[in-house]
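When you get a sec, could you give me coordinates for this:
(4 chains)
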Protein chains: 2
Amino acid sequence: MNGEDPSPVVSRPTVSSVALLAGVSRQTVSNALNNPQRLQPDTLKKVLATIEETGYVRSAAARQMRTARSGVLAYRLDPVRDGIGGAVLDTFLHALSAEAERRDYRVMLYTADSDDAELRQFSRLAQAQAVDAFILIETHRDDVRYEWLVEHGIPFSVFGRPWSSDSSGHAHGSSPQPAHAWVDVDGASGTAQATSHLLELGHREIAFLGWPKGSETGDERRRGWAETLAQAGVGEDRRDSLDSGQRDGILEGADAARRLLAAGATAFVCASDSLGIGAFSAIQAEGGKAAVVGFDDTPTAAALGLSSIRQPIEKAVSCALGSVFAQLDGASGASSEPSLLLPQLIVRASSRPATGSPA
Amino acid sequence: MNGEDPSPVVSRPTVSSVALLAGVSRQTVSNALNNPQRLQPDTLKKVLATIEETGYVRSAAARQMRTARSGVLAYRLDPVRDGIGGAVLDTFLHALSAEAERRDYRVMLYTADSDDAELRQFSRLAQAQAVDAFILIETHRDDVRYEWLVEHGIPFSVFGRPWSSDSSGHAHGSSPQPAHAWVDVDGASGTAQATSHLLELGHREIAFLGWPKGSETGDERRRGWAETLAQAGVGEDRRDSLDSGQRDGILEGADAARRLLAAGATAFVCASDSLGIGAFSAIQAEGGKAAVVGFDDTPTAAALGLSSIRQPIEKAVSCALGSVFAQLDGASGASSEPSLLLPQLIVRASSRPATGSPA
DNA sequence: ATCGCTCTTTTGATCAATCAAATCCGCGAA
DNA sequence: TTCGCGGATTTGATTGATCAAAAGAGCGAT
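A predicted model of the protein is given here:
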């Protein structure tokens, strides 16, 4: 175990040192990695063998310097939020990192506590060519970030709709503001699926545990429920009495569920798994058999047997990256097709007849 | 708004272009940023002004190439775990990112689903000089990662104890295996603080809601509770009947709490906030006034008024980075003092006499 | 036998910064 | 007046990989 020779400061292998060993020129080594089809099979094999043997890995810096590509995407990491609610973003980040790796890219984090600070980060990171593109989330009204990035010609993609303050508003004289690239999940479709599912199970008194009105995401989820119920002939008055908007949280969900159960609700569509878990446990505690569907399909929901609506995070990530890479590869403009993905209802015990199923 | 001239492919400013503008040499520009004290105040001011004006930012790649430093730390991002439990790691990651930025460093993510895959990542990232050091978490018995990194001379620091399989075991003939750098939080101290606090409030029947035996972290937290109770004169039999070990989770915590309340418990020390929140809500539901202390001080606990034990994450991050930077700055060996940090009990409504406080 | 064509491989130059060593400059001492 | 000295500034060289263009090799057609 000690014969090789410990470590006489063996300098890292380089294209040149590998080339020397393989008896070819440096460019041939470079080609073996970047344009293998240019080499004769024999040569390629020989070079690759030498690379393997020396454990050579291209220097990120040198490569980056010549190609003006860092192979890095930037993502803003926000401070921790309420436990379960943040799980979706955790999932997103993990999927982003994994998918980026698959494409030989990496994700680098940055933080910022204000839009202004974030713009400064944009400029630092992009100017230093430390990152090639940004992945944005947590969109809000009048987001200044898109405009800045577009103006500076920095590729980016957004998870979340632009929620633009004005889609037809004061034309600025400038170009018709081409929509930037974004991906989002159609929350209304999710709650609509859940509501239909509960209707099919025979429920009529389907309540909605949502968040206080005013949040885009929350209101959209409420809309899916409301519209579906309306189509099923449930009037607005009835709906209003089945509509609860409280802070997100397990205990909040349990409280609201108890209240609505007393008011006659037999099923619940929820804006989050936190609320869903709360409702589910309240129902179980009372020995009732009302049905519940949560939102986001967190691991906890899966573990408890709570039906939930799964956002296609992997697909969202893949869309976002697709758009970013299209921008990087020069196909400017045409590539950025916004896409609204459909979530999927995962049915579990919490919304299945407890006793034998009706075939 | 349109007079300047749109963008005639203004190439990014470089040291040379800035130097030209400022009427100095490129090295002087470089010095202005890296060794300002070498320049005459006037020159410095002039150069900095030009830098400001041109918006010049050093190219990360070129810098990295010459200095053999990337200014990047690597951190493994794991798949999402159960909601609230993961909050500590979220906090850790955010703190890590923020603290790294403060020191002009960045955090880059990678993924790996096995130790083997992780070693491959180590070698890729380090060989390419894409990262300068690794920050490890989630230690486990017989972790092969430390050894690999030490052997390859790659700086790293660990959040979590080495939990070495043998601290006195078979000496390998090689050097006395100098402990690597690590930081961790003393979980036993946390539960001990909680238990003492509850004893002071007059409780005697203090139960422990922990995880199944076998996890290092969990067992350690149990130990703090058990030892403190033992010192207070609570016998082993009594303790055993107050010791509950179930899966982590809010509902699990509620169930266990109900069971132990029935058995006479008047207070709860918990291994996590999930368990704590569950217990707290079960107590409230029954109108009781048993006291509860959670663990990890998650935002949810704070919102609910649950007393909890806060891990000094910021300090842990700062220790870990301190160690890593010491390694990077050549001070090899002496720098890596392992440190065991003390958590802090945060007292909230859940463990305070409901009625008027005594003094 | 030579030219021209394609396919493979090699050489020269470059990316943007920093290190190392060489100049420059002013000033007091010989 | 000249030399020496120390601090400020500049020049030369280098880092590792890649692009662009040149050189070499093989082969059929003139």
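
Which parts of the stretch 1-150 of chain A are strands?
Assigned by DSSP state E, counting those that start in this stretch, the strands in the stretch 1-150 of chain A fall at A:72-76, A:106-110, A:133-136.

Quick one: low-confidence residue ranges for chain A.
A:1-10, A:82-85, A:163-179, A:331-336, A:354-359 (pLDDT under 70).

Show me what from it comes close to DNA strand D.
A:11-12, A:14-16, A:26-27, A:30, A:33-34, A:56, A:58-59, A:61-63, A:65-67 (C-beta under 7 Å from any atom of the strand). Using the backbone N, CA and C atoms, a C-beta is placed for each residue, glycine as well.

sorry, back to before: need the strands of the stretch 1-150 of chain A in a markdown table (columns: mean neighbour count).
Shown next, in a markdown table, are the strands of the stretch 1-150 of chain A (neighbours: other C-beta atoms under 10 Å in any protein chain shown):
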| stretch | mean neighbour count |
| --- | --- |
| strand A:72-76 | 23 |
| strand A:106-110 | 23 |
| strand A:133-136 | 22 |
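
closest one to DNA strand C among these?
Across the strands of the stretch 1-150 of chain A, DNA strand C has its closest neighbour in strand A:72-76 (16.5 Å, C-beta to the nearest atom of the strand).

Restricting to C-alpha, output that closest one in PDB.
Included here for strand A:72-76 are C-alpha records, laid out as PDB according to Å, rounded to 0.1, in the frame of the first residue of the first chain:
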ATOM      1  CA  VAL A  72     -23.300  27.400 -13.700                       C
ATOM      2  CA  LEU A  73     -26.900  28.500 -13.000                       C
ATOM      3  CA  ALA A  74     -27.700  30.800 -10.100                       C
ATOM      4  CA  TYR A  75     -30.700  30.300  -7.700                       C
ATOM      5  CA  ARG A  76     -31.700  32.500  -4.900                       C
END
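
which parts of the helix or strand where A:Gly322 lies are buried?
In this assignment (DSSP states H and E), A:Gly322 forms part of helix A:313-328. Along helix A:313-328, these residues count as buried under the neighbour rule (16 or more other C-beta atoms under 10 Å in any protein chain shown): A:313, A:316-327.

list the contacts for the residue nearest in space to the middle of chain A?
If you average the C-alpha coordinates of chain A and look for the closest C-alpha using C-alpha atoms, centre = their mean, you land on A:Phe92, 3.7 Å from that point. A:Phe92 sits next to A:Ile137, A:Phe159, A:Ile313, A:Ala316, A:Val317 when contact means C-beta atoms under 8 Å, 6 or more residues apart in numbering or on different chains.

Tell me the one of those residues nearest DNA strand D?
A:Val317 (26.3 Å).

From what I see, the closest one and A:His94 are in contact.
No: A:Val317 lies out of contact with A:His94 (C-beta atoms under 8 Å); the separation is 9.3 Å.

if we can go back for a sec, ok, and of the residues of chain A next to DNA strand D, which contact DNA strand C?
Restricting those to those near DNA strand C - C-beta under 7 Å from any atom of the strand - leaves A:Arg26, A:Gln27, A:Ala62, A:Met65, A:Arg66.

neighbours around the first one, how many?
So that's A:Arg26. Residues near A:Arg26, counting by other C-beta atoms under 10 Å in any protein chain shown, number 14.

A:Leu198 against A:Ala290, yeah?
No: A:Leu198 sits out of contact with A:Ala290 when judged by C-beta under 8 Å, with a separation of 9.8 Å.

residues shared between the contacts of the two?
Between them, A:Leu198 and A:Ala290 have A:Ala267 as joint contacts when contacts are counted by C-beta under 8 Å, 6+ apart.

ok, the two, which is more surrounded?
Neighbour count, other C-beta under 10 Å: between A:Leu198 and A:Ala290, A:Leu198 has more, with 28 against 24.

Check whether that one sits in a helix, strand or coil.
Assigned with DSSP: H, G, I helix; E, B strand; the rest coil, A:Leu198 falls in the helix class.

dump the residue contacts of it.
A:Ile206, A:Ala267, A:Val269, A:Ala291, A:Val293, A:Ser351.

tell me which of those is nearest to B:Ser308?
Within the set of these, A:Val293 lies nearest B:Ser308; the separation is 31.3 Å, counting by C-beta to C-beta.

tell me the contacts of the nearest residue to that closest one once chain neighbours are set aside?
Sequence neighbours aside, A:Ala194 is the residue nearest to A:Val293 in space, at 4.0 Å (criterion: C-beta to C-beta, 6 or more residues apart in numbering or on different chains). For A:Ala194, the contacting residues are A:Gly224, A:Trp225, A:Val269, A:Val293, A:Phe295, A:Ser307, A:Ile309, A:Leu345, by C-beta under 8 Å, 6+ apart.

again, but for A:His203
For A:His203, the contacting residues are A:Thr266, A:Ala267, A:Ala291, taking C-beta under 8 Å, 6+ apart as the criterion.

Just the ones of the residues you listed in helices?
Members of those lying in helices (criterion: DSSP state H): none.

Against DNA strand D, how distant is the residue nearest to A:Pro212 when sequence neighbours are not counted?
Closest residue to A:Pro212 apart from its sequence neighbours, by C-beta to C-beta, 6+ apart: A:Gly245 at 4.6 Å. For A:Gly245, the distance to DNA strand D (C-beta to the nearest atom of the strand, to the nearest Å) stands at 55 Å.
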